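1. Mind looking at a prediction? Sequence and model below.
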Amino acid sequence: MRAVLCRRYGPPDSLVLEDMPSPKPGRGEVVISMRAVGVSQANVLIVADNHPNKRALPFIPGGEAAGLIKEIGEGVTAFKPGDAVIGAGKDGGCAEEVLASVDRLYLLPEGMDFTQIVGAGSYATSLHALRDVARVKPGETVLILGAAGGVGLAAVDLAKQMGARVIACASSPEKLDLCRQYGADELINYDGEDLRGAIKKAGGDKGLDVVIDPVGGKYADPAVRGMGWGGRYVIIGFAGGFVPDLPLNLPLLKGCAVMGMSLHRLAQHDPQAAKALRADVIRLLAEGKIRPHICATYPLEHTADAMNDLRLRKVLGKVVVVAGGA
Ligand SMILES: NC(=O)c1ccc[n+]([C@@H]2O[C@H](COP(=O)([O-])OP(=O)(O)OC[C@H]3O[C@@H](n4cnc5c(N)ncnc54)[C@H](OP(=O)(O)O)[C@@H]3O)[C@@H](O)[C@H]2O)c1
């Protein structure tokens, strides 16, 4: 089988495609014939060795893989060969065959599209951020940075469904137009406008109730300054390239909370909550309540192109790597 390998840290172009022996499932493990795998900004950062989730070389990059079970290991009773599943591999998912533990494997409803369920991966992040961390209430004002990205667009979609007034911030008219299609009430082009002034205007006298921040960088400071009394600022990631400093007087003056979240850590500290969250996203997709925007699919051999698009801010919604005719 073929797999994408990161043999040295660096830009996506340093990835190589290699033939490898098929993985053999051990006790409590299965092998998935991959049909679709999510690649995200986190994968780009991990390949560059610029992410807290460090991986020892060599490794297979990529997120959760969806496909059909090829083989089951000893003691596996809840799954059988041929089942459609999604799961996190022992390594990343950018390989034709992915070894996964049943602890982190989910059966998919009949007929569910592999590309769509993989594209819905960011909804788990945004659902947790909005529902469990920020506890958004109807009528609240939610500002989303990087709103046309994977996490951002899912947050626009979900926040709107929760009854929030949604302010989407992104870097181009095309990206903002997509946010509008997903229900954003107000749009800010943060590369063309004075972000601090635009947030102050959009937040009105009350200020922002919630900020969803997967970007950090230079956008975080104006967003914190736009918070209203009792607001919640949720830190998700630093796609903007650096971890900004936060003047600690601001949360004091605004009586607001600055909260971090990490699905990776959630799975370590509260695996049941992480599993329930994943199941929620599968259910929402099956019920047609969420609609991941897939802007492009790439064959496995073009995984680096998918990652380069993310790195260069070209992606609207999600990119997905596919194999075996997904
Ligand atoms: N905490 C968690 O559990 C968790 C879970 C998933 C992801 N994350 C993190 O969240 C962040 C976003 O992930 P994602 O999958 O939504 O990424 P994405 O799809 O690439 O979206 C990120 C957005 O950030 C903006 N951006 C600003 N400066 C950028 C730069 N220099 N390079 C790339 N993008 C830049 C881009 O929008 P504009 O061009 O409009 O600015 C882009 O759409 C990543 O840091 C990831 O590691 C965290």
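-> Received it, and whenever you're ready, just let me know what you need. Numbers count the residues shown, from 1 in each chain.
2. CA only for contacts and neighbour counts going forward, please
-> Will do.
3. how near is Val315 to the ligand?
-> Look at Val315 and the ligand: by C-alpha to the nearest ligand atom, to the nearest Å, they are 6 Å apart.
4. where's the closest residue to that residue other than its chain neighbours, which helix or strand?
-> Once flanking residues are discounted, Val315 sits nearest to Asp309: 5.9 Å by C-alpha to C-alpha, 6 or more residues apart in numbering. Using DSSP states H and E, Asp309 sits in helix 303-311.
5. near the ligand, anything from that helix?
-> Yes - part of helix 303-311 sits near the ligand under the criterion C-alpha under 6 Å from any ligand atom, namely Leu310, Arg311.
6. Hmm, Ala159 and Leu130 touching each other?
-> Yes - with contact defined as C-alpha atoms under 8 Å, Leu130 counts as touching Ala159 (6.9 Å).
7. What values do phi and psi take at Arg313?
-> The phi/psi pair for Arg313 (degrees, to the nearest 10) reads phi 60, psi 30.
8. How confident was the prediction at it?
-> pLDDT for Arg313: 96.
9. Can you list the residue ranges for helices in this structure?
-> Secondary structure of the chain (DSSP state H): helices located at 41-47, 114-119, 121-127, 150-161, 173-181, 195-203, 220-225, 249-254, 263-269, 271-286, 303-311.
10. For the stretch 201-326 of the chain, which residues are neighbours of the ligand?
-> Contact residues, the stretch 201-326 of the chain versus the ligand (C-alpha under 6 Å from any ligand atom): 214-215, 236-241, 261-264, 310-311, 313.
11. for the stretch 1-150 of the chain, what spans make up the strands?
-> Here the stretch 1-150 of the chain has its strands, by DSSP state E, counting those that start in this stretch, at 2-5, 16-19, 29-39, 65-72, 84-89, 97-107, 141-144.
12. Sheet partners, orientation included, of the last one?
-> Which is strand 141-144. If you go by DSSP bridges, strand 141-144 pairs up with strand 165-170 (parallel), strand 208-213 (parallel).
13. With mean neighbour count as added columns, please give these in TSV.
-> Shown next, in TSV, are the strands paired with strand 141-144 (neighbours: other C-alpha atoms under 10 Å):
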stretch	mean neighbour count
strand 165-170	26
strand 208-213	28
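14. okay, the ones you listed in CSV with distance to Leu178 next?
-> Output for the strands paired with strand 141-144, formatted as CSV (distance: least, C-alpha to C-alpha, whole Å):
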stretch, distance to Leu178
strand 165-170, 10
strand 208-213, 18
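15. quick one: contacts for the most centrally placed residue in the chain?
-> In the chain, the C-alpha nearest the mean C-alpha coordinate belongs to Ser122, at 3.1 Å (C-alpha atoms, centre = their mean). Residues in contact with Ser122 (C-alpha atoms under 8 Å, 6 or more residues apart in numbering) are Gly150, Val151, Ala154.
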